[in-house]
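Asker: Provide a 3D model corresponding to the input given below.
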Amino acid sequence: MEREKFSTRVGFVFTAVGCAIGLGNIWRFPYITGKYGGAAFILIYLVFLVVLGFPLITMELTVGRASQKSITRSFDVLEAPGQKWHLIKYPAFAGNYLFQMFYTTVAGWVLLFAVKMVNGEFQGKNTAQIRTVYTEMLDQPVTMMITTGLIVVAAFLICAGGIRNGIERFCTIITGSLFALMIGVAFYVMTLDGAGAGISFYLKPDFGRLFANGIWEPVNAAMTQAFYTLGIGMGSIGVFGSFIGKERSLVSEAFWIVALDTVAALLAGMIIFPACFSCGIQPDSGPDLVFVTLPSVFASMPGGRVIGSFFLIAVFFAAFSTVITAFANIVSMVVDLTGCTARKSVAGNIVCMLILSMPCILGYNVWKGVQPFGAGSTIMDFEDFLVTNNILPLGSLIYAAFCISKKGWGWDNFVKEANQGKGLRFPERMFKILRYLIPIVIGISFLSGYISKFFIN
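Answerer: Here you go, the predicted structure:
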């Protein structure tokens, strides 16, 4: 049976962008940009996007389109007889499930807080009171099971509609709405008193802040953010390459995915810093930013209930689009691996994902005594570490080696497939650079994750 294709180029790009844009764009990128010198840090980040993120996302898309399969079968199709590249399917298969074991729960948190903001539950509350709402939510496993269940069932039902009538249609609406909401909120907060100071802090180059603790720290932060923001290495974006034709070069498509992902991250900063500075509140990083700091900011600003509602809805769209596209990859993986129908894959995965999400949920209450990394850590921290510090970098390294090495698919095959169709061409002179640079950068990123986790307090 011929593989279903996206109906439009816009639908493909918006779906792939929906996969790339996630909570990392919102609760990490703005914070580290402000911390490390604003525009000075962004320049370093963009360099790593060009030399690392862009080539890797092109490689993943190319393997997907050339094989017309998900990661569970793509290397089997393209590798030479006797090669073992296909073994990546096993950690990649596990990694996609691991990622959604905690991400669906976090998406449920965002949904719940968006509803609370729309209902005006944060009006009149200070930061301490909103923090109490957040901690109380974590102490209620039934509430989290309900929100997680809604996310899981809704996303898989969208996947059941297929590429065109399900995934493409919803992701085009969701991703388009995400950008519209973020642009609107950004314009509003920039008009607030004190917003100018936040914009200056965010975007004005400050080399003093950039190198305050030496050159390695900001460079490593930029490298890590560029690597993880696109979620490369598990086939979650590459699978969409298998659902597109050869009319457009994959270099052009990768360019738009990287560009729009970066725009979303920059827009998040243009909302967060002006809003926080206008209210005299220091922005945080991580879950506290979305679930404590920003609700308190919006609760104290003029029109904050409406603007806060729009912003949290946009955050939910970012999280939900990532869930939909990740589930699309999971459905495709199971279909390619077992030969079952997509509907059977959806039905089985709904049950499977509801069960697999339980450790993360219970890790904040019933199983909170399980602390894998010491006091204060959670089961979610462990799941996140396995994915972001292990499966993503190692998976990306294998994609790169497969596309560059003569013992893999090879550079010539990669470039030929990537360049097929109208649009940008992959610069072949980058071969020597990528051959050595990508393994070095990924290796440093991999090791720095372990050093930060286990040796730096």
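Asker: just checking, next helix/strand downstream of the longest helix anywhere in the chain?
Answerer: Secondary structure of the chain per DSSP state H: the longest helix is helix 304-338. Counting by DSSP states H and E, the next helix or strand C-terminal to helix 304-338 is helix 342-356.
Asker: which residue ranges form the helices in the stretch 151-300 of the chain?
Answerer: Assigned by DSSP state H, counting those that start in this stretch, the stretch 151-300 of the chain shows helices spanning 162, 169-189, 195-203, 207-210, 216-228, 238-241, 250-278, 287-288, 294-300.
Asker: Nearest to Ile130, out of these?
Answerer: helix 294-300 (5.0 Å; Cβ to Cβ). Yep, even glycine has a C-beta here, placed from its N, CA and C like the rest.
Asker: and the closest one, how far from the chain's centre?
Answerer: Distance of helix 294-300 from the chain centroid (Cα atoms, centre = their mean, to the nearest Å) equals 25 Å.
Asker: buried ones in it?
Answerer: 294-300 (16 or more other Cβ atoms under 10 Å).
Asker: what's the answer for stretch 319-336, then?
Answerer: So for stretch 319-336, counting by 16+ other Cβ under 10 Å, buried means 319-336.
Asker: and Phe310, which of the helices of the stretch 151-300 of the chain is closest to it?
Answerer: helix 169-189 (5.0 Å).
Asker: Quick check: which helices or strands does that closest one pack against?
Answerer: Counting contacts by 3 or more Cβ pairs under 8 Å, 6 or more residues apart in numbering; DSSP states H and E, helix 169-189 packs against helix 9-20, helix 250-278, helix 304-338.
Asker: can you rerun that using 10 Å?
Answerer: With contacts defined as 3 or more Cβ pairs under 10 Å, 6 or more residues apart in numbering; DSSP states H and E, helix 169-189 has these neighbours: helix 9-20, helix 141-160, helix 195-203, helix 250-278, helix 294-300, helix 304-338.
Asker: what is the mean pLDDT for that helix?
Answerer: Mean pLDDT, helix 169-189: 94.
Asker: and the closest residue to Met145 other than its chain neighbours, what is it in contact with?
Answerer: Spatial nearest neighbour of Met145, excluding adjacent residues (Cβ to Cβ, 6 or more residues apart in numbering): Ile361 at 6.0 Å. Residues in contact with Ile361 (Cβ atoms under 10 Å, 6 or more residues apart in numbering) are 101-102, 104-105, 108, 138, 140-145, 147-148, 367, 379-380.
Asker: Swap in 8 Å and give it another go.
Answerer: 105, 141, 144-145, 148 (Cβ atoms under 8 Å, 6 or more residues apart in numbering).
Asker: nearest to Gly64, of the buried residues of helix 294-300?
Answerer: The closest of those to Gly64 turns out to be Leu294 (Cβ to Cβ; 35.8 Å).
Asker: hang on, the earlier thing: would you turn the helices of the stretch 151-300 of the chain into JSON lines with distance to Val13?
Answerer: Formatted as JSON lines, the helices of the stretch 151-300 of the chain follow (distance: least, Cβ to Cβ, whole Å):
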{"stretch": "helix 162", "distance to Val13": "18"}
{"stretch": "helix 169-189", "distance to Val13": "9"}
{"stretch": "helix 195-203", "distance to Val13": "26"}
{"stretch": "helix 207-210", "distance to Val13": "33"}
{"stretch": "helix 216-228", "distance to Val13": "20"}
{"stretch": "helix 238-241", "distance to Val13": "10"}
{"stretch": "helix 250-278", "distance to Val13": "5"}
{"stretch": "helix 287-288", "distance to Val13": "29"}
{"stretch": "helix 294-300", "distance to Val13": "28"}
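Asker: Which of the ones you listed has the highest mean neighbour count?
Answerer: Burial of these is given as mean neighbour count (mean count of other Cβ atoms under 10 Å); helix 238-241 ranks first at a mean of 30.
Asker: So what touches that one?
Answerer: For helix 238-241, the external contacting residues (Cβ under 8 Å, 6+ apart) are 6, 12, 15-16, 19, 60-65, 70-71, 74, 250, 325, 328-329, 332-333, 399.
Asker: so where does Lys453 fall, helix or strand?
Answerer: Per DSSP H and E: Lys453 is located in helix 431-454.
Asker: Compute the inter-axis angle for that helix and helix 216-228.
Answerer: Per axes from the mean of the first three to the mean of the last three Cα atoms, to 10 degrees, the angle that helix 431-454 makes with helix 216-228 is 110 degrees.
Asker: elements contacting helix 431-454?
Answerer: Using 3+ Cβ pairs under 8 Å, 6+ apart, helix 431-454 sits against helix 54-67, helix 216-228, helix 392-404.
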